[in-house]
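Prediction below, plus the sequence it came from.
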Amino acid sequence: MDKKFYRKDRVSELIRKNLAEILLRNIEVEGALITLTEVDVNKDLDRAISKISVIPSEKSERVLEVLEKSRGYLQGMLNDKLNIRPMPKIVFKIDKGVERAAAVEKRLLENN
């Protein structure tokens, strides 16, 4: 296995685990449940695409706004916690996979 890709996976998992904990303790949007579903670090290790799931989905844009405003703070917390140099820049995206799965399940239940 190519060491570079192995490192990419390890860095992704480290960031996912620590960022999820930081979000749980420090970010709150009234009426929204925020879950970090996946972190994918690109091969250059300079960006960490962090996918989040929001329930209810109507709050997604508001949660994304709060996360974008808090990005510097969150990045600093990660820098303090993890000894990764250079630390990939966090980029937040809404993960629509959970929402799509729930919609499919609802349709299946309606058809029975």
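That came in fine, so what should we check first? Numbering: from 1, shown residues only.

what's the neighbour count on the closest residue in space to Thr35 that isn't next to it in sequence?
Excluding its sequence neighbours, the residue lying closest to Thr35 (C-beta to C-beta, 6 or more residues apart in numbering) is Ser53, at 4.5 Å. Bear in mind the C-beta positions are built from the backbone N, C-alpha and C, glycine included. Applying other C-beta atoms under 10 Å, we find 19 residues neighbouring Ser53.

From Lys69, how far out is Ser53?
According to C-beta to C-beta, to the nearest Å, Ser53 stands 19 Å off from Lys69.

returning to that earlier point: the residue nearest to Thr35 against Leu23, yeah?
No: contact criterion C-beta atoms under 8 Å: Ser53 and Leu23 do not qualify, at 11.5 Å.

list residues touching both of those two?
Ile34 (C-beta atoms under 8 Å, 6 or more residues apart in numbering).

Show me where this structure has its strands.
Under the criterion DSSP state E, the chain carries strands at the ranges 33-41, 47-55, 89-94.

Adjacent strands (with direction) for the shortest one?
Yep, that's strand 89-94 we're talking about. strand 47-55 (parallel) (DSSP bridges).

Can you give the contact residues for the strand it pairs with?
So strand 47-55 is contacted by 11-12, 15-16, 19, 23, 32-42, 60, 63-64, 67, 88-95, 97-99 (C-beta under 8 Å, 6+ apart).

mind redoing it with 6 Å?
By C-beta atoms under 6 Å, 6 or more residues apart in numbering, the surrounding residues in contact with strand 47-55 are 15, 32-41, 60, 63, 88-93, 95, 98.

Select only the buried ones of the residues you listed in PyMOL?
To isolate the buried ones among the contacts of strand 47-55 in PyMOL, judged by 16 or more other C-beta atoms under 10 Å, type:
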select buried, resi 15+32+34+36+39+40+41+60+63+88+90+91+92+95+98
